[in-house]
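Just the structure for this:
(one chain, ligands or ions: 2)
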Amino acid sequence: MDISSILQGGYQHPLSRSWQGRRQLTKSMFMYPIFITDDPDASVVIPSLPGQRRWGVNQLETFLGPLVKKGLKSVIIFGVPLTCEKTLQDGRGTPADDPSGPVIQAIKKIRLLFPSLYIACDVCLCEYTSHGHCGLLHADSTINTKPSVLRLAEVSVNYAKAGAHCVAPSDMMDGRIKAIKQALIDADLASKCTLMSYSAKFASALYGPFRDAAGSAPSFGDRKCYQLPPTAKGLARRAIQRDMVEGADIIMVKPALPYLDIISDATQLASDHPIACYQVSGEFAMVHAGAAAGVYDLKTMAFETTESMVRAGATLILSYFTPDFLDWLEV
Ligand SMILES: NCC[C@H](CC(=O)O)[C@@H](CN)CCC(=O)O
Ligand SMILES: [Zn+2]
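Numbering: from 1, shown residues only. Ligands and ions are numbered 1, 2, ... in the order given. Next up is the predicted model:
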């Protein structure tokens, strides 16, 4: 056997195996998606998302305190306005940045309770309009891009003013990154607030549990006219390059596991940007379902899936497994 055929000596020990990965998972790589509802005392189980709840702002200390102690470094907030009237009349998704609404109240509360915790806010309109689309609509129910990006920019600035460290538009409207960046500049907030773009976000079947949790499913049609076709490698590369030019500080790929090649493309195209990926609700539920069915060990698969994202180039992972990794990882 040729000498060059012998590889096993390089990884025959747990320590030398650990050296084979260019980068290792760390606690600070995980950003925890959290659902904040407008009942201040709520702590409501989300059946389709194992271990996850919708929380009211009065519960944030109880909910996040133990996680911060274990090393939680960042969260991304999703508002779930259940009691307020979702406003179709004004068509602007008014609850999104209602000063007394769940998102702005949560930003302020978390800044007070946990000054070191990095707060990102998802920016979208689907949770706040009764049609449930991510943008505003023309009379014929098609996406009306111009007012949509202006409204998303307005919401972003209001989150930043409330104290968010990062705004993350998940809407996929054309030109929203440029509009949001310009609005942050005009508000003198561009140097104080990170713009994380969901640049390559696909029309995936893996968002179901989230839509249950956030009540954000579209009331008609689907999101295929603004989320990328799952086959669209070229469109993803073009969207990544577009968002880089428009001022994104972080580039995200979503979902993650079925799109590792896109994470790799993003790493190559945006080689000077942090690359985020979102292990979405359906991916999380899928890993749990397989473990419950006895196909694999839950922790082992949680590591195998997220380590594949790191191998593809991700530097930041949005994952509902974040609380678990705070227990599983030493640093
Ligand atoms: N703004 C879109 C929400 C959205 C996808 C969707 O429902 O189309 C994601 C949140 N950013 C879902 C995330 C998840 O499934 O965990
Ligand atoms: Zn949306």
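
Quick check: residues of the stretch 1-150 of the chain near ligand 2?
By the rule CB under 5 Å from the ion, the part of the stretch 1-150 of the chain lying against ligand 2 is 124, 126, 134. For every residue, glycine as well, the C-beta is placed using N, CA and C.

In contact with the residue lying closest to Pro169 once chain neighbours are set aside, which residues?
Excluding the flanking residues, the one nearest Pro169 by CB to CB, 6 or more residues apart in numbering is Val123, at 4.3 Å. Taking CB atoms under 8 Å, 6 or more residues apart in numbering, we find Val123 in contact with 96, 152, 155-156, 159, 167-171, 180.

Reformat the residues you listed as CSV; add neighbour count.
Putting the contacts of Val123 into CSV (neighbours: other CB atoms under 10 Å) gives the following:
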residue, neighbour count
Ala96, 27
Leu152, 29
Val155, 27
Ser156, 28
Tyr159, 28
Val167, 27
Ala168, 27
Pro169, 28
Ser170, 21
Asp171, 24
Ile180, 30
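
Look at the residue nearest to His273 when sequence neighbours are not counted and tell me its secondary structure.
Excluding its sequence neighbours, the residue lying closest to His273 (CB to CB, 6+ apart) is Ile251, at 5.0 Å. Look at Ile251: counting by DSSP: H, G, I helix; E, B strand; the rest coil, its state is strand.

Ile251 contacts Ala270, doesn't it?
Yes. Counting by CB atoms under 8 Å, Ala270 is a contact partner of Ile251 at 4.6 Å.

How about the contacts made by Gly221?
Per CB under 8 Å, 6+ apart, neighbours of Gly221: 133, 141.

roughly how far apart are it and Cys134?
Remark: distance between Gly221 and Cys134 (CB to CB, to the nearest Å) = 12 Å.

try Thr142
Separation of Thr142 from Cys134 (CB to CB): 13 Å.

Over to Phe202?
Separation of Phe202 from Cys134 (CB to CB): 14 Å.

now do Met196
According to CB to CB, Met196 stands 16 Å off from Cys134.

before we move on, what about Ala217?
Counting by CB to CB, the gap from Ala217 to Cys134 is 11 Å.

can you check Asp171 too?
In terms of CB to CB, Asp171 sits 4 Å off from Cys134.

I'd say Phe321 and Phe303 touch.
No. Using CB under 8 Å, Phe321 is not in contact with Phe303; the gap is 9.3 Å.

Spit out the residues that contact those two alike.
By CB under 8 Å, 6+ apart, no residue touches both Phe321 and Phe303.

between these two, who's got more neighbours?
Phe321 (24 against 17; other CB atoms under 10 Å).

For that one, which non-adjacent residue is closest in space?
Ala302 (5.0 Å).

for the strand or helix carrying that neighbour, packing partners?
Assigned by DSSP states H and E, Ala302 belongs to helix 298-312. Where contact means 3 or more CB pairs under 8 Å, 6 or more residues apart in numbering; DSSP states H and E, helix 298-312 is packed against helix 260-269, strand 275-279, helix 281-292, strand 316-319, helix 322-328.

So Met196 belongs to a strand, correct?
Yes. Membership of Met196 in a strand is supported by three-state DSSP.
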